[in-house]
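Undergrad: okay, here's the prediction I keep looking at, along with the sequence it came from:
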Amino acid sequence: MRWLAGLAKAARDRDAFLMDGERVVGHIVTDEALAELRDWLVQEPPKTVIDEQRAVIEACIRMAHANREIDPEERAELKELIAWSGLDEDVTDALVHEVHFPPPLGDLRERVRHPAIRDVLLALAWTMAMADGKADAPEKKLFSELVSKLGVTEEHADAIRRAVR
């Protein structure tokens, strides 16, 4: 569970994101959903948890590249997100490489199966989109694609966007 808060916490360091990680997760994922997620994570093989976590980070990397302009501050933010993940060195090295060469998202619905993790993914992706204070057209388009790929309703996605603000 700490990695969920850690991912969210890494997104809070810009002035626009004044909430700490636990509050971000708390505004997006209910206590009941977190309890369900804890039970689910215990039952899943470690590889599944790593794969889900990696998919969340890769979605953030894609969002940072959505407008084809990624500045050094965004790269640093992504690297901090990767560092907070607690993943092993091989995975973090691969993810740092992907910061420069973003991977395709593939089938996110298969890669991110738990609804609470999907919610955190969308929250972090929207946080990346709003990093400069506004989401431009390519970032909005990619966010809509993420919502669609994850099978999340537009109403729920709107609630996540509001919670991140």
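TA: Structure received.

Undergrad: drop to CA atoms for contacts and neighbour counts, all remaining ones
TA: Noted.

Undergrad: residue furthest from the geometric center of the protein?
TA: The C-alpha centroid of the chain is most remote from Q43, which lies 22.2 Å away (CA atoms, centre = their mean).

Undergrad: state the pLDDT value of that residue.
TA: The predicted local distance difference test score for Q43 is 85.

Undergrad: next one: F17
TA: According to the prediction, F17 has pLDDT 33.

Undergrad: likewise V96?
TA: Per-residue confidence at V96 stands at 91 (pLDDT).

Undergrad: touching, it and L81? I think so.
TA: No. With contact defined as CA atoms under 8 Å, V96 and L81 do not form a contacting pair (10.0 Å).

Undergrad: what's near enough to touch the residue nearest the centre of the chain?
TA: Closest residue to the average C-alpha location of the chain: L121 at 3.3 Å, with CA atoms, centre = their mean. For L121, the contact set (CA atoms under 8 Å, 6 or more residues apart in numbering) comprises 56-57, 59-60.

Undergrad: and it, what pLDDT?
TA: Predicted confidence (pLDDT) for L121: 87.

Undergrad: do the same with the one 5 residues further on
TA: Per-residue confidence for W126 comes out at a pLDDT of 87.

Undergrad: okay, and the closest residue to it other than its chain neighbours sits in which element?
TA: Across the structure, with CA to CA, 6 or more residues apart in numbering as the measure, the residue nearest W126 apart from its sequence neighbours is R161 (6.5 Å). Element membership of R161, judged by DSSP states H and E, is helix 154-164.

Undergrad: now for that helix, which elements pack on it?
TA: helix 21-28, helix 115-129 (3 or more CA pairs under 8 Å, 6 or more residues apart in numbering; DSSP states H and E).

Undergrad: can we see that at 10 Å?
TA: In terms of contacts (3 or more CA pairs under 10 Å, 6 or more residues apart in numbering; DSSP states H and E), helix 154-164 is packed against helix 21-28, helix 115-129, helix 137-150.
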